[in-house]
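> just need the structure, nothing else, for what follows:
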Amino acid sequence: VQLQASGGGSVQAGGSLRLSCAASGAVFSRNAIGWFRQAPGQEREFVAAIMWSGDTDYADSIKGRFTISRATAARTGYLHMNSLKPEDTAVYYCAAGFMSRLATNYDSWGQGTLVTVSS
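Got it, this is the predicted structure:
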């Protein structure tokens, strides 16, 4: 599976963005889609994941503000981000693989899209 992430940008605190993850490859429908983020000087951290069945998992730091979804027919995953905070500033990556909070369980990665939230 090859992935292309997009939708990042600069917003003020309290604003919203929607990230997209376009996939190519025959097994997209059987993969979980995960979103991770990496802030400058910090390790990559789990944000959210969604299984092919629709089951979801969210990091506590974004729960209630972000929503993960997927449109299997369109081969696209989404991360809807609301009530953004300056601490959400990071490069966001989408990934495909086994549903997990561990980055090592995902074997396909997009190139990352930068989200900057100003106070």
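> residue contacts, Arg101?
Residues near Arg101 by C-beta atoms under 8 Å, 6 or more residues apart in numbering: Phe46, Ala49, Asp57, Ala59. (Glycine included, C-beta is placed from N, CA and C.)
> the third one contacts Ala49, doesn't it?
Yes. Under the criterion of C-beta atoms under 8 Å, Asp57 makes contact with Ala49 at 4.9 Å.
> check which helix or strand the residue nearest the centre of the chain maps to.
Nearest to the geometric centre of the chain sits Trp35, at 2.7 Å (C-alpha atoms, centre = their mean). Element membership of Trp35 [criterion: DSSP states H and E] is strand 32-38.
> tell me the first helix or strand C-terminal of that strand.
That would be, after strand 32-38 and using DSSP H and E, strand 45-50.
> list every C-alpha atom in that next one, with coordinates, as PDB.
Taking Å, rounded to 0.1, in the frame of the first residue of the first chain, the C-alpha atoms of strand 45-50 are listed here in PDB:
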ATOM      1  CA  GLU A  45       3.400   9.400  18.900                       C
ATOM      2  CA  PHE A  46       0.200   7.600  18.200                       C
ATOM      3  CA  VAL A  47      -2.900   9.700  17.500                       C
ATOM      4  CA  ALA A  48      -5.700   7.500  16.200                       C
ATOM      5  CA  ALA A  49      -6.400   4.300  14.300                       C
ATOM      6  CA  ILE A  50      -9.300   2.700  12.600                       C
END
